[in-house]
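Engineer: next come a sequence and a model predicted from it.
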Amino acid sequence: MPKLIVLPHVELCPEGTVIDAKPGATICNTLLDNHIEMEHACDQVCACTTCHVIVREGYQSLSPAQENEEDMLDKAWGLEPLSRLSCQAVIADKDLVIEIPKYSINMAKEGKR
């Protein structure tokens, strides 16, 4: 079973953690199932950027990002080449190391003007 290694985040996971991850599950659902209250303002339909994570290790093992995810990621705070929306990133069979950015932008709310 792959491991999801979460780097420390001041509010959501101050000491970091290691989670047994189920292949086929999303990173977001895995975090939520393990009591890490990852924000997901759009109810995981790829319409905001609140669940943005940076995959520090294991990026290539994830399901490829679809065009709608890439379009949303362009609006994420702190975007990096290894960024993903955790609601869209499906875990395979490799360990992952993720970082939850310090800030997020709620595109479901703030993106509408």
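Structural biologist: It's in. Numbers count the residues shown, from 1 in each chain.
Engineer: nearest the geometric middle of this structure, what residue?
Structural biologist: A centroid search over the chain (C-alpha atoms, centre = their mean) returns Ser86, at 2.6 Å, as the residue closest to the centre.
Engineer: that one contacts Ile27, doesn't it?
Structural biologist: Yes: counting by C-beta atoms under 8 Å, Ile27 is a contact partner of Ser86 at 3.8 Å. Backbone N, C-alpha and C define where each C-beta goes, glycine included.
Engineer: show residues contacting the longest strand along the chain.
Structural biologist: Within the chain, and with DSSP state E defining each element, the longest strand by residue count is strand 52-57. Outside strand 52-57, the residues that touch it by C-beta atoms under 8 Å, 6 or more residues apart in numbering are 5, 7, 27, 62, 73, 76-80, 82-86, 89, 95-101, 104.
Engineer: let's see it at 10 Å
Structural biologist: In this structure, residues lying in contact with strand 52-57 by C-beta atoms under 10 Å, 6 or more residues apart in numbering are 5-7, 9, 27-28, 31, 38-39, 61-62, 72-73, 75-87, 89, 94-101, 103-105, 107.
Engineer: taking those residues one by one, which sit in helices?
Structural biologist: Secondary-structure check on the contacts of strand 52-57 using DSSP state H: residues within helices are Ile27, Cys28, Leu31, Met72, Leu73, Met107.
Engineer: before I go, just wanted to say thanks for your time.
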